[in-house]
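A.B. asks: for reference, the sequence and a predicted model appear below.
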Amino acid sequence: MGALSPSDKILAVDIGGSHIKTIMLDASGNALEERRRLPTPDPSSPEAVVNVIKKLAGQSGGYTKVAVGFPGFVQNHVVKTAPNLGTEAWKDYHLATVLQEELGKPTIVVNDADFQGAGLVSGKGLEMVITLGTGFGTALLLDGVLLPHLEISQLPVTKKKNYDAYIGQEALDKIGEKRWNERMKKVLHTLRTVFNFNHLFISGGNAELLNFDLGENVSIKTNKDGFVGAVKLWQ
(Lines give C-alpha, C1' and ligand atoms only; values in the text may rest on other atoms or scores of the structure.)
Protein backbone atom coordinates (compact mmCIF):
# COMPACT_ATOMS: atom_id res chain seq x y z
CA MET A 1 0.00 0.00 0.00
CA GLY A 2 3.02 2.28 0.27
CA ALA A 3 4.61 4.11 3.17
CA LEU A 4 3.43 7.36 4.71
CA SER A 5 5.05 10.48 3.26
CA PRO A 6 5.17 13.98 4.85
CA SER A 7 2.72 15.28 2.24
CA ASP A 8 0.08 12.61 2.90
CA LYS A 9 -3.34 13.52 4.26
CA ILE A 10 -5.21 10.72 5.98
CA LEU A 11 -8.98 10.45 6.21
CA ALA A 12 -9.72 8.79 9.55
CA VAL A 13 -13.07 6.97 9.73
CA ASP A 14 -14.56 5.71 13.00
CA ILE A 15 -17.59 3.43 12.52
CA GLY A 16 -19.67 3.25 15.69
CA GLY A 17 -22.95 1.62 16.59
CA SER A 18 -24.70 5.01 16.73
CA HIS A 19 -22.58 7.33 14.54
CA ILE A 20 -19.95 7.26 11.82
CA LYS A 21 -17.28 9.93 12.27
CA THR A 22 -14.53 11.25 10.01
CA ILE A 23 -11.69 13.75 10.19
CA MET A 24 -8.74 14.53 7.93
CA LEU A 25 -5.24 14.58 9.45
CA ASP A 26 -1.81 15.50 8.20
CA ALA A 27 1.11 13.04 8.39
CA SER A 28 1.97 14.32 11.88
CA GLY A 29 -1.53 13.63 13.20
CA ASN A 30 -2.73 17.23 13.24
CA ALA A 31 -6.39 17.82 12.42
CA LEU A 32 -6.93 19.67 9.15
CA GLU A 33 -10.66 20.14 9.66
CA GLU A 34 -13.45 19.76 12.19
CA ARG A 35 -14.69 16.26 12.88
CA ARG A 36 -17.80 15.30 10.91
CA ARG A 37 -20.39 12.69 11.82
CA LEU A 38 -23.64 11.15 10.61
CA PRO A 39 -25.92 8.57 12.24
CA THR A 40 -25.03 4.95 11.58
CA PRO A 41 -27.75 3.65 9.24
CA ASP A 42 -30.35 1.21 10.53
CA PRO A 43 -30.29 -1.47 9.30
CA SER A 44 -26.48 -1.27 9.14
CA SER A 45 -25.89 -3.23 5.96
CA PRO A 46 -22.43 -2.98 4.37
CA GLU A 47 -23.85 -1.03 1.45
CA ALA A 48 -25.63 1.48 3.71
CA VAL A 49 -22.52 2.03 5.86
CA VAL A 50 -20.30 2.48 2.81
CA ASN A 51 -22.73 5.06 1.43
CA VAL A 52 -22.52 7.10 4.65
CA ILE A 53 -18.72 6.95 4.57
CA LYS A 54 -18.76 8.12 0.95
CA LYS A 55 -21.04 11.02 1.88
CA LEU A 56 -18.72 12.10 4.72
CA ALA A 57 -15.58 11.58 2.63
CA GLY A 58 -17.05 13.78 -0.09
CA GLN A 59 -16.92 16.70 2.34
CA SER A 60 -13.15 16.29 2.84
CA GLY A 61 -10.94 17.31 -0.05
CA GLY A 62 -7.40 16.23 -0.83
CA TYR A 63 -6.93 13.16 1.35
CA THR A 64 -4.44 10.62 -0.01
CA LYS A 65 -5.01 7.65 2.31
CA VAL A 66 -7.87 6.23 4.38
CA ALA A 67 -7.83 4.43 7.74
CA VAL A 68 -10.99 2.89 9.17
CA GLY A 69 -11.88 1.64 12.66
CA PHE A 70 -14.61 -1.02 12.55
CA PRO A 71 -16.67 -2.33 15.53
CA GLY A 72 -15.95 -6.03 15.17
CA PHE A 73 -13.26 -8.58 14.45
CA VAL A 74 -11.15 -7.63 11.43
CA GLN A 75 -8.50 -9.84 9.89
CA ASN A 76 -6.23 -8.60 7.10
CA HIS A 77 -8.64 -5.67 6.50
CA VAL A 78 -11.55 -8.12 6.05
CA VAL A 79 -14.52 -7.97 8.45
CA LYS A 80 -15.22 -11.27 10.19
CA THR A 81 -17.82 -10.24 12.78
CA ALA A 82 -19.98 -7.17 13.43
CA PRO A 83 -21.79 -7.81 16.74
CA ASN A 84 -22.95 -4.23 17.18
CA LEU A 85 -24.16 -3.70 13.62
CA GLY A 86 -26.47 -6.67 13.78
CA THR A 87 -26.24 -8.18 10.32
CA GLU A 88 -24.71 -11.40 8.99
CA ALA A 89 -23.97 -9.60 5.73
CA TRP A 90 -20.71 -8.34 7.24
CA LYS A 91 -19.18 -11.81 7.56
CA ASP A 92 -16.06 -12.01 5.35
CA TYR A 93 -16.84 -8.57 3.89
CA HIS A 94 -13.81 -7.01 2.17
CA LEU A 95 -14.43 -3.52 3.51
CA ALA A 96 -10.96 -2.17 2.68
CA THR A 97 -11.20 -3.34 -0.92
CA VAL A 98 -14.68 -1.90 -1.37
CA LEU A 99 -13.76 1.49 0.12
CA GLN A 100 -10.55 1.63 -1.88
CA GLU A 101 -12.58 1.15 -5.05
CA GLU A 102 -15.30 3.62 -4.01
CA LEU A 103 -12.98 6.36 -2.69
CA GLY A 104 -10.07 5.76 -5.04
CA LYS A 105 -7.46 5.88 -2.27
CA PRO A 106 -5.38 3.24 -0.45
CA THR A 107 -7.42 2.05 2.53
CA ILE A 108 -6.72 0.05 5.68
CA VAL A 109 -9.36 -1.32 8.06
CA VAL A 110 -8.78 -2.51 11.64
CA ASN A 111 -10.89 -3.10 14.74
CA ASP A 112 -12.07 0.21 16.20
CA ALA A 113 -10.40 -0.33 19.58
CA ASP A 114 -7.14 -1.21 17.83
CA PHE A 115 -7.59 1.99 15.81
CA GLN A 116 -8.02 4.03 19.01
CA GLY A 117 -5.23 2.17 20.76
CA ALA A 118 -2.66 2.99 18.11
CA GLY A 119 -3.35 6.67 18.72
CA LEU A 120 -3.65 6.69 22.51
CA VAL A 121 -0.81 4.61 23.94
CA SER A 122 2.60 5.87 25.03
CA GLY A 123 4.48 2.91 23.59
CA LYS A 124 5.90 1.81 26.95
CA GLY A 125 5.13 -1.63 28.34
CA LEU A 126 1.84 -3.50 28.16
CA GLU A 127 -0.95 -1.01 27.52
CA MET A 128 -4.65 -1.74 27.18
CA VAL A 129 -7.40 0.31 25.59
CA ILE A 130 -11.10 -0.21 26.20
CA THR A 131 -13.94 1.63 24.50
CA LEU A 132 -17.32 2.09 26.18
CA GLY A 133 -20.12 2.78 23.74
CA THR A 134 -22.72 0.69 21.97
CA GLY A 135 -20.54 -2.27 22.89
CA PHE A 136 -17.27 -2.99 24.69
CA GLY A 137 -14.09 -2.72 22.63
CA THR A 138 -10.59 -3.77 23.67
CA ALA A 139 -7.06 -3.54 22.35
CA LEU A 140 -3.68 -4.63 23.69
CA LEU A 141 -0.33 -3.13 22.72
CA LEU A 142 3.18 -4.09 23.83
CA ASP A 143 5.75 -1.31 23.54
CA GLY A 144 3.44 0.40 21.05
CA VAL A 145 2.95 -2.66 18.83
CA LEU A 146 -0.60 -3.99 18.39
CA LEU A 147 -0.99 -7.55 19.63
CA PRO A 148 -3.36 -10.00 17.90
CA HIS A 149 -6.91 -8.79 18.45
CA LEU A 150 -9.07 -10.57 21.02
CA GLU A 151 -12.85 -10.13 20.99
CA ILE A 152 -13.06 -9.91 24.78
CA SER A 153 -16.52 -8.38 24.41
CA GLN A 154 -17.84 -11.80 23.45
CA LEU A 155 -16.55 -13.58 26.57
CA PRO A 156 -19.25 -14.62 29.05
CA VAL A 157 -19.30 -12.58 32.26
CA THR A 158 -22.50 -14.08 33.71
CA LYS A 159 -24.49 -17.21 32.81
CA LYS A 160 -26.48 -15.28 30.23
CA LYS A 161 -24.42 -12.18 29.34
CA ASN A 162 -21.16 -11.42 27.58
CA TYR A 163 -19.32 -8.16 28.20
CA ASP A 164 -21.18 -6.38 25.40
CA ALA A 165 -24.50 -7.22 27.01
CA TYR A 166 -23.21 -6.61 30.55
CA ILE A 167 -21.84 -3.06 30.14
CA GLY A 168 -22.85 -1.92 26.65
CA GLN A 169 -25.28 0.89 25.86
CA GLU A 170 -28.35 -1.33 26.09
CA ALA A 171 -27.39 -2.40 29.62
CA LEU A 172 -26.69 1.21 30.65
CA ASP A 173 -30.10 2.31 29.40
CA LYS A 174 -31.79 -0.55 31.27
CA ILE A 175 -30.07 -0.44 34.67
CA GLY A 176 -29.00 3.23 34.94
CA GLU A 177 -25.67 4.87 35.68
CA LYS A 178 -25.38 3.81 39.34
CA ARG A 179 -25.64 0.06 38.71
CA TRP A 180 -23.63 0.38 35.49
CA ASN A 181 -20.76 1.95 37.46
CA GLU A 182 -20.90 -0.93 39.95
CA ARG A 183 -20.55 -3.33 37.04
CA MET A 184 -17.66 -1.30 35.63
CA LYS A 185 -15.82 -1.57 38.98
CA LYS A 186 -16.01 -5.35 38.69
CA VAL A 187 -14.91 -5.29 35.06
CA LEU A 188 -11.87 -3.09 35.74
CA HIS A 189 -10.86 -5.31 38.66
CA THR A 190 -11.02 -8.34 36.36
CA LEU A 191 -8.98 -6.60 33.65
CA ARG A 192 -6.28 -5.64 36.16
CA THR A 193 -6.10 -9.19 37.46
CA VAL A 194 -6.05 -10.88 34.05
CA PHE A 195 -3.80 -8.50 32.07
CA ASN A 196 -1.72 -6.76 34.74
CA PHE A 197 -1.36 -3.82 32.33
CA ASN A 198 1.09 -0.97 32.85
CA HIS A 199 -1.58 1.50 31.76
CA LEU A 200 -5.23 1.40 30.76
CA PHE A 201 -6.84 3.97 28.48
CA ILE A 202 -10.63 4.25 28.50
CA SER A 203 -12.36 5.86 25.53
CA GLY A 204 -15.81 5.90 23.95
CA GLY A 205 -18.93 7.95 24.52
CA ASN A 206 -19.74 6.44 27.93
CA ALA A 207 -16.27 6.78 29.45
CA GLU A 208 -17.24 10.16 30.90
CA LEU A 209 -19.95 8.48 33.00
CA LEU A 210 -17.44 6.64 35.18
CA ASN A 211 -17.76 8.17 38.66
CA PHE A 212 -15.27 6.26 40.83
CA ASP A 213 -11.52 6.43 41.44
CA LEU A 214 -9.86 4.61 38.57
CA GLY A 215 -6.33 4.52 39.97
CA GLU A 216 -3.09 6.13 38.85
CA ASN A 217 -2.47 3.95 35.82
CA VAL A 218 -5.86 4.55 34.18
CA SER A 219 -6.68 7.49 31.89
CA ILE A 220 -9.94 8.60 30.29
CA LYS A 221 -9.57 9.80 26.71
CA THR A 222 -11.99 10.95 24.02
CA ASN A 223 -12.65 9.35 20.65
CA LYS A 224 -11.13 12.47 19.14
CA ASP A 225 -7.84 11.76 20.94
CA GLY A 226 -7.73 8.36 19.30
CA PHE A 227 -8.14 9.60 15.72
CA VAL A 228 -4.36 10.03 15.46
CA GLY A 229 -4.32 6.23 15.36
CA ALA A 230 -5.13 6.56 11.66
CA VAL A 231 -1.68 8.04 11.12
CA LYS A 232 0.10 5.57 13.41
CA LEU A 233 -1.46 2.64 11.55
CA TRP A 234 -0.17 3.92 8.23
CA GLN A 235 3.28 4.49 9.73
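C.D. replies: That came through, no problem. Numbers count the residues shown, from 1 in each chain.
A.B. asks: number of nearby residues for Gly86?
C.D. replies: 13 (other CB atoms under 10 Å). For the C-beta atoms, the positions are set from N, CA and C on the backbone; glycine is no exception.
A.B. asks: I figured it hits Pro41, correct?
C.D. replies: No - assessed by CB atoms under 8 Å, Gly86 is found out of contact with Pro41, at 11.4 Å.
A.B. asks: Val98 versus Gly119, what's the distance?
C.D. replies: Per CB to CB, to the nearest Å, Gly119 is found 24 Å from Val98.
A.B. asks: do Gln235 as well
C.D. replies: Counting by CB to CB, the gap from Gln235 to Val98 is 24 Å.
A.B. asks: who's in contact with the closest residue to Leu4 other than its chain neighbours?
C.D. replies: Excluding the flanking residues, the one nearest Leu4 by CB to CB, 6 or more residues apart in numbering is Trp234, at 4.5 Å. The neighbourhood of Trp234, defined by CB atoms under 8 Å, 6 or more residues apart in numbering, consists of Ala3, Leu4, Asp8, Ile10, Lys65, Ala67, Ile108.
A.B. asks: for burial, what's the neighbour tally of the first one?
C.D. replies: Okay, so that is Ala3. 7.
A.B. asks: same check, this time on the third one
C.D. replies: The number of residues packed around Asp8, counting by other CB under 10 Å, is 17.
A.B. asks: for the closest residue to Val74 other than its chain neighbours, give its distance to Thr64.
C.D. replies: Counting by CB to CB, 6+ apart, Val74 lies nearest to Asn111, which is 5.1 Å off, once chain neighbours are set aside. Per CB to CB, Asn111 is found 23 Å from Thr64.
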